[in-house]
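Visitor: quick one: sequence and predicted model below, then my questions.
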Amino acid sequence: MNEIVNTGDYSGYIALSYGIVTVVLLAVAVFSKLGQQKARKEAEALKALRKSRVEDF
Amino acid sequence: MHIFANPARFVRLADKIMPWAVVVFIGTLGYGLYLAFFDSPIDYQQGESVRIMYVHVPAAWMSMFTYMVIAVSSFVALVWRHPLAQIAGKAAAPIGAAFTALALVTGALWGKPMWGTYWVWDGRLTSVLILFFLYLGYMAIWQAMDDEEKAGRAAAILALVGSVNIPIIKFSVDWWNTLHQPASVMRLDGSTIDGSMLWPLFMMAIAFQAYFVIVFFWRMKLEIDRRKIAVLRLQEVSGS
């Protein structure tokens, strides 16, 4: 068993690493999901508009 | 494989897989973070900073995995012209760029206390930085051209040419005398990391993989809808 030779305090580096990972992954996920929902709504609205025009005709 | 080239079929399949990916993501992330912070012992040389490895290494693995997804999609798009292959590459690129940026940043935050510097121009770090620029270039090509077919082809060629960088990243620590440590997990003679540190690493790697699946499917569906909108608008204009 190796003896612990490094007992330094790296809490700042650790907190920064996990903080940046959380913010970046959350931002990518939120932008992707919001973009997908917006595109889905727009596609459905255009489809509905097209359908109603065909029915009117 | 051809049966999945149909966007409607793909969306149905993605909707079935998505809940499972979310369960895997939440489960492995929760357990992985518990192991990383409360169960994993401190390393005798790295001390507490070993905990940065539990996000740095999975991010680095995912940066290469995502690029391979783009390279394979690009090959399929160029050779067989599958409609979903181009979309897959475009959808995966921002996720891969984010993973690569995270690998670089968390590596720098680990490097400062361990090596005494945030950055050195050694083989591993430089080849990962090149990977990041490849991602940016790939995304820039998609944005730069109005003709999506042309943009897709140009981006696919860049992705395939850039895939030569993946083995360079992997073997850079063997080919050159680098400051970055050699491979310690994916080795032919087995891992050199103790199980108490390997488990949190694998749990976080599975969580990152599940995250990729979830966000990748969202972005694929976004791109499919975006193309649908473009076709519907074109039909509106042409009055057909």
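Guide: Structure's in. What do you need?

Visitor: make it CA atoms for all contacts and neighbour counts henceforth
Guide: Noted.

Visitor: who touches stretch B:80-99?
Guide: The contact list for stretch B:80-99, computed with CA atoms under 8 Å, 6 or more residues apart in numbering or on different chains, reads A:24-25, A:28, B:2, B:5-7, B:59-60, B:62-64, B:66-67, B:69-71, B:73-74, B:76-77, B:132, B:135-136, B:138-139, B:142, B:152, B:156, B:212, B:215-216, B:219-220, B:223-224.

Visitor: if we use 7 Å, what do you get?
Guide: Outside stretch B:80-99, the residues within contact range by CA atoms under 7 Å, 6 or more residues apart in numbering or on different chains are A:24, B:5, B:7, B:59-60, B:62-63, B:66-67, B:69-70, B:73-74, B:76-77, B:132, B:135, B:139, B:152, B:216, B:219-220, B:223.

Visitor: so which of these sit within helices?
Guide: Among the contacts of stretch B:80-99, the subset assigned to helices under DSSP state H consists of A:24, B:7, B:59-60, B:62-63, B:66-67, B:69-70, B:73-74, B:76-77, B:132, B:135, B:139, B:152, B:216, B:219-220, B:223.

Visitor: low pLDDT regions in the chain?
Guide: Picked chain A for this. A:1-2, A:54-57 (pLDDT under 70).

Visitor: meant chain B, my bad for not saying
Guide: If you take pLDDT under 70 as the line, chain B has these spans: B:1-4, B:188, B:239-240.

Visitor: run a quick neighbour tally on residue B:193.
Guide: When neighbours are counted by other CA atoms under 10 Å in any protein chain shown, residue B:193 registers 11.

Visitor: what about it, distance to chain A?
Guide: Per CA to the nearest CA, to the nearest Å, residue B:193 is found 13 Å from chain A.

Visitor: that residue contacts residue B:184, correct?
Guide: Yes - the pair formed by residue B:193 and residue B:184 meets the contact definition of CA atoms under 7 Å, at 6.5 Å.

Visitor: near chain A, which residues of chain B?
Guide: Proximity of chain B to chain A (CA under 7 Å from any CA of the partner chain) is limited to residues B:43-49, B:51-52, B:98, B:102, B:106, B:109, B:215, B:218-219, B:221-222, B:225-226, B:228-229, B:232.

Visitor: do that again at 6 Å, thanks
Guide: Residues of chain B that fall close to chain A, judged by CA under 6 Å from any CA of the partner chain: B:44-45, B:47, B:49, B:52, B:106, B:109, B:215, B:218-219, B:222, B:225-226, B:229.

Visitor: is it possible to mark the buried ones in the residues you listed?
Guide: With burial judged by 16 or more other CA atoms under 10 Å in any protein chain shown, the buried subset of the residues of chain B next to chain A is B:47, B:49, B:52, B:106, B:109, B:215, B:218, B:219, B:222, B:225, B:226, B:229.

Visitor: now which of the contacts of stretch B:80-99 would you call buried?
Guide: Neighbour counting over the contacts of stretch B:80-99 (16+ other CA under 10 Å) leaves A:24, B:7, B:59-60, B:62-63, B:66-67, B:69-70, B:73-74, B:76-77, B:132, B:135, B:139, B:152, B:216, B:219-220, B:223 as the buried ones.

Visitor: need the residues of chain B next to chain A in a markdown table with secondary structure, can you?
Guide: A markdown table is the format used below for the residues of chain B next to chain A (DSSP: H, G, I helix; E, B strand; the rest coil):
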| residue | secondary structure |
| --- | --- |
| B:44 | coil |
| B:45 | coil |
| B:47 | strand |
| B:49 | coil |
| B:52 | helix |
| B:106 | helix |
| B:109 | helix |
| B:215 | helix |
| B:218 | helix |
| B:219 | helix |
| B:222 | helix |
| B:225 | helix |
| B:226 | helix |
| B:229 | helix |
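
Visitor: if we take the residues you listed, which one ends up nearest to residue B:172?
Guide: Of all the residues of chain B next to chain A, residue B:106 has the smallest distance to residue B:172: 19.2 Å, by CA to CA.
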